[in-house]
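Q: test case, fold it:
(chains A, B, C and D)
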Number of protein chains: 2
Amino acid sequence: MRAPTPTSITGERLAELCHALSDPTRLHIMHLLRQGRRCVCDLTETMDAAQSRLSFHLKTLRDAGLVSDRRDGRWVYYEIRPDALDALSAALEALRPLDNGAGSGGCCP
Amino acid sequence: MRAPTPTSITGERLAELCHALSDPTRLHIMHLLRQGRRCVCDLTETMDAAQSRLSFHLKTLRDAGLVSDRRDGRWVYYEIRPDALDALSAALEALRPLDNGAGSGGCCP
DNA sequence: CCAATTGATCAAGAGATTTTGATCCCTCTC
DNA sequence: GAGAGGGATCAAAATCTCTTGATCAATTGG
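A: As a prediction, the model looks like this:
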């Protein structure tokens, strides 16, 4: 019995993931993290952003589960969690229109 | 000469798409639209939400290009634009870690 | 132990989003 | 053309989000 990748996520969870990615600063961080783990001081320097600002955005990404952090001595390294991207992709695919007949089974013609 | 599916989108555009999907009400709308086009009065009734509220969120989705609207007589029908989901999926894939060696070519050990 | 470095956290202010109710515009029906 | 239904828009209030600067906790090097 194992619980590997959750096959589907809730609407709340999808909203949380999308919110985390809805900010240019956070997307910039994600883009930098594509190349592998990076410490905060490195990101701060590369992005020329205030440290508390970065810390805020990193926390947002971490709370959403999109990145993980790990302390190593003096430094804290952040890293992308691909499983979160998996879940996000799957949830977005589940938003695609069903290809049954045209919709509007509702109140209108 | 044609411009079919834009192969990649800007960070700003990705942020805009994610922002549009970062709200539970809007995700609810998207979910209902999966079954096909629907008029606003239908959504209003199904979701039990104020009409101006829905109108606001539909505008947000439309401005982001995630849905299209079409007037037919008295009614305005909204519909998902799958091409926007294509662009979003592609952009999210482009956020995945590169599988070159471990990162941190930066300031730290 | 002392001082410097790294990073989290907090409080306050600026700015953006959402909700609500009112109002307006369009289209259809009578 | 008067009235009703469907939707968009607006202004005000309530919330959320982001930025900034200050402070605090850990870690390390001297």
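
Q: stretch A:16-25 vs DNA strand C: in contact?
A: No. Figure legend: stretch A:16-25 not in contact with DNA strand C (CB under 7 Å from any atom of the strand); closest approach 8.4 Å. For the C-beta atoms, the positions are set from N, CA and C on the backbone; glycine is no exception.

Q: which residues are in contact with that stretch?
A: For stretch A:16-25, the external contacting residues (CB atoms under 8 Å, 6 or more residues apart in numbering or on different chains) are A:9, A:26-27, A:30, A:47, A:49, A:53, A:57, A:60-61, A:63-66, A:84, A:87-88, A:91, B:11-12, B:14-15, B:18-19, B:21-22, B:92, B:95.

Q: so which residue is dead centre in chain A?
A: Among the residues of chain A, the one closest to the centroid is A:L66, at 3.8 Å (CA atoms, centre = their mean).

Q: so what's the residue count around the closest residue to that residue other than its chain neighbours?
A: Of all residues not flanking A:L66 in the chain, A:A84 sits nearest, at 4.7 Å (CB to CB, 6 or more residues apart in numbering or on different chains). Here the number of neighbours of A:A84 (other CB atoms under 10 Å in any protein chain shown) works out to 20.

Q: now do A:A20
A: Neighbours around A:A20, by other CB under 10 Å: 24.

Q: low-confidence stretches in chain A?
A: Within chain A, the segments meeting pLDDT under 70 span A:1-6, A:101-106.

Q: just the strands in it please.
A: Using DSSP state E, the strands found in chain A span residues A:38-39, A:67-72, A:75-80.

Q: A:H31 against B:G11, yeah?
A: Yes. The criterion here is CB atoms under 8 Å, and A:H31 meets it with B:G11 at 7.3 Å.

Q: which one's more surrounded, these two?
A: B:G11 (16 against 13).

Q: surely that one and A:M30 touch.
A: No. Counting by CB under 8 Å, B:G11 does not reach A:M30; the two are 9.4 Å apart.
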